[in-house]
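Visitor: next come a sequence and a model predicted from it.
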Amino acid sequence: MSKTSFAAPKVDLELARGHGLTEEEYGWIVDKLGRTPTFVELGIYSVMWSEHCSYKNSIVELKKLPREGKALLVGAGEENAGLVDIGDGISVAFKIESHNHPSAVEPYQGAATGVGGIQRDIFTMGARPICSLNSLRFGSLENPRVRYLFDGVVRGIGDYGNSFGVPTVGGEVYFDPSYEGNPLVNAMSVGIIEKGQKTASAIAEGVGNPVFIVGSATGRDGIHGATFASEEISEASEAKRPSVQVGDPFTEKLLLEATLEVINSGVVVGIQDMGAAGITCSSCEMSEKGNSGMILHIDKVPIRETGMSPYEIMLSESQERMLIVCHKGKEAALLAIFDKWDLHAAEIGHVTDDGRVKVMWHGEMVADVPAEHLALGGGAPVYIRDTQRPAYLDETGAFRTDSVDDLKAENGTDVLLKLLGSPNIASKRWVFEQYDTMVRTNTVIGPGPSDAAVVRLKDSKKGLAVKTDCNARYVYLNPRKGAQIAVAEAARNVVCAGGKPLAITNCLNFGNPYKPEQYWVFKEAVSGMGDACRVLDTPVTGGNVSFYNESPAGSVFPTPTIGMLGVVEDVEAHATTFDFKAEGDVLLLLQPSVIEKACIEGSEYLVLMHGLTAGDAPCFDLKSEKRVQDACLSIIQSGLINSAHDVSDGGLAVCLAEMSLASQNLGAEISLSSMGDSRFDTTLFGEAQSRIVLAVPSKHAETVQDIAAENGIAAIGIGKVAGTRFTIEVDGQSVISTSPSVMREVYEMAIPKLMSKKR
Amino acid sequence: MSIRFGVIVFPGSNCDHDAYHVTKHVFGQDARFIWHKESDLGDVDFVIIPGGFSYGDYLRSGAIARFSPIMKDVVRFANAGGAVLGICNGFQILCESGLLPGALMRNESLRFTCKDVLLRTENSSSLFTNDLALGEIIRVPIAHGEGNFFASEPVLDRLEGEGQVAFKYCDAAGAITAASNPNGASRGIAGILNEGGNVLGMMPHPERASEAILGRTDGAKIFSSIVKSLVEA
């Protein structure tokens, strides 16, 4: 056998099944090709038709989401990331993506390459990444395996992002036993294209234009990563560790600079990064989009391991690579830029017009497939799955608040401190201090006392307010309302930091879509997300679907993570944090004029104190939410307040405690009225939505109340910033009395204490 | 007349734009980038080696950067009395290239750490620090995984004796304690000068603490010191 020939196994239905294709799907392939596919073709079909690349089980639902808006420059799914015009000639590219399965078996590299992949989606469009966020979910930190995963993921994100040189400015970390065997790692990147800079498209056009592969050499890592992402985690998953890619942030940094330089040089026709399914996906998608085709001589691809077969090269998910279609005759300019950055750039083929991707190996054709048949939106399978409302909802929904005893007044302080020490509420300093949060000197508000991060744009008065958010417990208890709340809370967070919510990206982490109960939950949640996006005027710009988030113990909480982008009109004047700033400030609670009922359903309190994940998602009304957000933004933009904080996990008492403990030892005197039920727990720790606490200089209190009234909402005086004690009374009875320093100790030490456990 | 700042750009530098921004836009001086493959600094008055991961730093931070073409000229420039500031990775490169004594080891925690720290000014007469008072405490962020300064006892004694220690990590009262030391550095040292006083290496990032909008302004005093020294010189 000569070293250039390639011994391929015999292709049949059995081999196709082993590649994750169904009998029906294999039949479609044979019909379309009019013959048995080659081994390379089978590999190509299997990754392109995997859930991860084809969205075959989600696209029908995703198309129902609102995807139009006057600020949107490209539609959802049209390019690698969403693109939004924020005025002043600046556009913002942003996207969130999951890397859950890789992180479950190899947390460090899994998370690192998740960060790398999302950055490439941004800079392949010509945008320079300006900040990153993430959204992480794990089981209980009492479990040593979970601590290993948590530690590895945080190190992976840190090492990759810190070296790459983009600040990680915000995110969320959430713990629940449902994520024990299947952690969620969602990474978001935000980039900007400034005035006069070029943008780029993932398209192959112009017959005869050369095709280049640039960046890292290709290795055997990540083969079938996309397929691995499209099945449940099981005992066998550990063996899939080689499916996890290995990241090299230094090369990514070089690739970033070289890519932006080559795009701005004007020699690029089209460019797409290589993520899932590597060269296969980028060549097929670019050809499909350009209604063109490509011939690729993949023996010319720079490789880093000997003896790689064409099958392996086509399916490799080696990181830090791009596929570029260059204007014919401009090859030298492209090569000079990659040479400057010491990166590979190899011409491996050219654009054709027959709609086919043809793969050559030392002069022999090893694959010849129609691009359109492979791509999402083209001939890839589209399924409508069966749905069935899961039975657990009857059980959780049967919960009534009066079935649990109220807390006693004398225990109020203890309960508050316990909540502040719950990992879901406690400070995430242990995490964010491992990330470079400030590099490039644009971070106006990083992680810490703010509901969202704020970055400035050096050539504009404007800034960006960004946030990732999802309370998945609410989605579990009521998929539709829970997803509405996820969008609303992310928007509310952006508003509290001084931004106007503009658009979202989403990362939909769900279970196995072939289980009707799971699919019902998915469908409901997507509908709820759409409801909220329509009312809040924040269209969906794209994102990612991650199904099969199930371990032998069951499915994770349905988790539609929302990445919200907002614009801060005057970043110096409007950027807002939540720590108390001044003695004597009046505390006003902005909330809907009518709250349907007091409730502790779905709350962190109910889980922590009663061990119950039960009830409905908390009280919530979309129209009232919009009014509260409009009022709050108008109040911030009028320069009337010192601090704003949204009421979320842990309810009103935790919200106020966080404002105090983050301050320079400023306490508060707070007096609350129960909402008709005379209970302490619902009043202090209930998580009814659409509420924001403002700390307002007393001279502005009346104006703030006027603005609230104009917007048809309430602004209720609940106390003032005062002294160094933190006290709350309910209906005139003292229930909480502590100090900012005591609360801070518990809040700051909870996660470090858990992480210092040996076994 | 403007000071001509040259900011060295290694392929993995990522605080190069920050150093450029603070000198050019915050302090209104002339600033330019100098590519690592160059062998001549050109007509600059001041060299900044910025933070980042020069060549990836998978080996030891700055270990490869010292062999780059531009570093030969930086060494020549410094030995001729030219002013050089190395921040974070820049400090590591200055130690690796022998312009400063000692070495920077992995943080005692074995974790990358990014947070505000307090620094006590140990030398207020250098060209980098003359706008600060002796003992003045400033708040400046760190962001590194390898900032644990190490040198032999005699070298440390000499650095302290000759006034070559520029900054030490301290607490709010100015005390040098284990708790205020973020990386395990010997004697809490955060930044040192060479014998001639024309080269400063420091782990904390003054360029990140020079504008009110970023919530920190103490680092500006280092740049105002430099501007004052070079304009008056």
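Guide: Yep, that arrived. Residues are numbered from 1 along each chain as shown, chains lettered A, B, ... in the order given.
Visitor: only the C-alpha atoms, please, for the lengthiest helix in chain B, written as PDB.
Guide: Using DSSP state H to assign secondary structure, the helix with the most residues in chain B is helix B:220-232. Taking only C-alpha atoms (Å, rounded to 0.1, in the frame of the first residue of the first chain), the coordinates of helix B:220-232 have been written out as PDB:
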ATOM      1  CA  ALA B 220      -1.700  57.900  37.100                       C
ATOM      2  CA  LYS B 221       1.000  59.200  39.500                       C
ATOM      3  CA  ILE B 222       3.500  56.800  38.000                       C
ATOM      4  CA  PHE B 223       2.900  58.200  34.500                       C
ATOM      5  CA  SER B 224       2.800  61.800  35.800                       C
ATOM      6  CA  SER B 225       6.200  61.100  37.500                       C
ATOM      7  CA  ILE B 226       7.600  59.900  34.200                       C
ATOM      8  CA  VAL B 227       6.200  62.800  32.300                       C
ATOM      9  CA  LYS B 228       7.600  65.300  34.800                       C
ATOM     10  CA  SER B 229      11.000  63.600  34.900                       C
ATOM     11  CA  LEU B 230      11.400  63.400  31.200                       C
ATOM     12  CA  VAL B 231      10.000  66.800  30.300                       C
ATOM     13  CA  GLU B 232      12.100  68.500  32.900                       C
END
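Visitor: buried stuff in it?
Guide: Neighbour-count burial for helix B:220-232, counted by 16 or more other CB atoms under 10 Å in any protein chain shown, picks out B:220-227, B:229-230. In this view, the C-beta of every residue, glycine as well, is placed from N, C-alpha and C.
Visitor: who touches the residue in chain B that chain A sits nearest to in this structure?
Guide: Of all residues in chain B, B:N14 sits closest to chain A, with a separation of 2.6 Å (CB to the nearest CB). The contact partners of B:N14, by CB atoms under 8 Å, 6 or more residues apart in numbering or on different chains, come to A:163-165, A:253, A:439-440, B:50-53.
Visitor: now the residue in the stretch 451-600 of chain A positioned nearest to chain B: which helix or strand?
Guide: Of the stretch 451-600 of chain A, the residue with the smallest distance to chain B, taken as CB to the nearest CB, is A:E572 at 5.7 Å. When elements are defined using DSSP states H and E, A:E572 is found to belong to helix A:571-574.
Visitor: quick check: mean pLDDT across the helix or strand that that helix is followed by?
Guide: Next along the chain after helix A:571-574, taking DSSP H and E as the criterion, comes strand A:586-592. Averaged over strand A:586-592, pLDDT sits at 97.
Visitor: does anything pack onto strand A:586-592? Which helices or strands?
Guide: On a contact count with 3 or more CB pairs under 8 Å, 6 or more residues apart in numbering or on different chains; DSSP states H and E, strand A:586-592 meets helix A:622-637, strand A:692-696, helix A:701-710, strand A:713-721.
Visitor: which stretches of the chain have low pLDDT?
Guide: No chain in the question, so chain A it is. A:1-5, A:226-228, A:230, A:238-242, A:759 (pLDDT under 70).
Visitor: chain B, not that one
Guide: Counting by pLDDT under 70, chain B contains low-confidence ranges at B:233.
Visitor: residue contacts, the residue located most distally from the centre of chain B?
Guide: In chain B, the residue that sits farthest from the middle, by CA atoms, centre = their mean, is B:M1; the gap is 24.4 Å. By CB under 8 Å, 6+ apart, B:M1 lies in contact with B:V231.
Visitor: around chain A, pick out the residues from chain B.
Guide: Remark: the part of chain B in contact with chain A comprises B:11-12, B:14-15, B:17-18, B:21-22, B:25, B:51-53, B:55-58, B:111-115, B:141, B:143, B:145, B:205, B:207-208, B:211, B:213-215, using CB under 8 Å from any CB of the partner chain.
Visitor: sweet, I'm off.
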